[in-house]
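# Task: produce atomic coordinates for the following.
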Amino acid sequence: MRTAPPAPATTASPGGTAANVARTRRRVRPRPSVGRRNHAGPLTYVLLGLAALVSLFPLYWNLVAASHTGERVVEAPAPLLPGRHLFDNLAFAWNQVDMGEALVNTTVVASLVAVSTVLFSTLAGFAFAKLPFRGRNVLLATVVATMTVPPQLSVIPLYRIITDLGWVDQLQSVVLPSLVAAFGVFFMRQYLLDALPVELVEAARVDGAHSLRVVWHVVFPVARPAMAVLGMLVFVQAWNDFFWPFIALTPDGSPTLQVALAGLGSGNHSVDQAIVLTGALISTVPLLLVFALLGKHIVGGITAGAVKN
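Numbers count the residues shown, from 1 in each chain. Predicted coordinates for the structure are as follows:
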């Protein structure tokens, strides 16, 4: 049996080997680490620090003004350091317009408006995003078009309605007109359009789930981040709303915080600006607490879906 002759040994010159190694090193270059590539420089921290100072300065000056007398607040130059009258101003503002009742009323109104808007907007957004029905696009365009109508145009007919119902100076006159918002419907529709696969809904239908179960077990878990963001936005808007509550409510009846602040600090044909700013500080503290407690969830909801896997 004839065997194949061994292959001739090849010898490589040292120069050739060194050239191959150098060529390989040039071809394979180490990649910079992700952390080093995304590391923020000193200028970034300086700019972020300046932005934080500019954002916090109005709140700081509100605290400073609330700790001085009204005469000192309107003097020039304005005070930049806290004074000694903060607790006196807090006690005066709290008792002048019954700030405790106004806080409770505002919390009730803002919570009801936020919960109802999130619930109805999620249901309507799911219908517009995933349920085919006749006239869907026309109806959606009509809902979005209502966002261009100024709210001042509906004040007179709305006031006549609550007057006929006997709801003047009652909290339901503020809650019921705000149970749903066109912005919330459009916001949830845009989120569910990409976040909720239609195959997931069809799979639930195949398993025998009815519409209510599909919404509860499929739509709500997927829409939870957007619902948290929408709820916070609506809560803050309802908390700070002044125009319609000032028309429907009175400071002597069941006012919200913004209506109560309208009658704060007045007397002797003058307005005590320090007392007014003290009331503004009282109305701001609950929102700061909400953001401090739920800030992580709010940021997580805002950034949900921003990065693709």
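# Please count neighbours and contacts with C-alpha atoms only from this point.
Fine.
# Return the set of buried residues in whichever strand or helix holds residue 283.
Assigned by DSSP states H and E, residue 283 falls within helix 273-303. Residues 273-283, 287, 298, 301 are the ones in helix 273-303 that count as buried (16 or more other C-alpha atoms under 10 Å).
# which secondary structure elements does that helix contact?
helix 42-66, helix 70-73, helix 86-96, helix 220-240, helix 257-262 (3 or more C-alpha pairs under 8 Å, 6 or more residues apart in numbering; DSSP states H and E).
# The third one: what's the following helix or strand?
Note on helix 86-96: by DSSP H and E, the next helix or strand toward the C-terminus is helix 99-130.
# circling back: for residue 175, which of the helices and strands packed on helix 273-303 is the nearest?
helix 220-240 (9.2 Å; C-alpha to C-alpha).
# So for the closest one, what gets flagged as buried?
Quick answer for helix 220-240 (16+ other C-alpha under 10 Å): 220, 222-223, 225-232, 234-235, 238-240.
# same thing with stretch 247-266?
So, applying 16+ other C-alpha under 10 Å, buried residues of stretch 247-266: 248-251, 254-265.
# Can I get it in CSV, CA atoms only?
C-alpha atoms of stretch 247-266 as CSV (Å, rounded to 0.1, in the frame of the first residue of the first chain):
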residue,chain,number,x,y,z
ILE,A,247,-65.8,80.4,38.6
ALA,A,248,-67.6,77.4,40.1
LEU,A,249,-66.4,77.7,43.7
THR,A,250,-66.2,80.5,46.2
PRO,A,251,-63.6,81.2,48.9
ASP,A,252,-66.3,81.1,51.6
GLY,A,253,-67.8,77.8,50.5
SER,A,254,-65.7,74.7,49.5
PRO,A,255,-62.7,76.2,47.8
THR,A,256,-59.7,74.4,46.4
LEU,A,257,-56.2,75.7,47.2
GLN,A,258,-55.9,78.0,44.2
VAL,A,259,-59.3,79.6,44.9
ALA,A,260,-58.3,80.0,48.6
LEU,A,261,-55.1,81.7,47.6
ALA,A,262,-57.0,84.3,45.6
GLY,A,263,-58.4,85.7,48.8
LEU,A,264,-55.2,85.3,50.8
GLY,A,265,-53.3,88.3,52.2
SER,A,266,-56.0,90.9,51.3
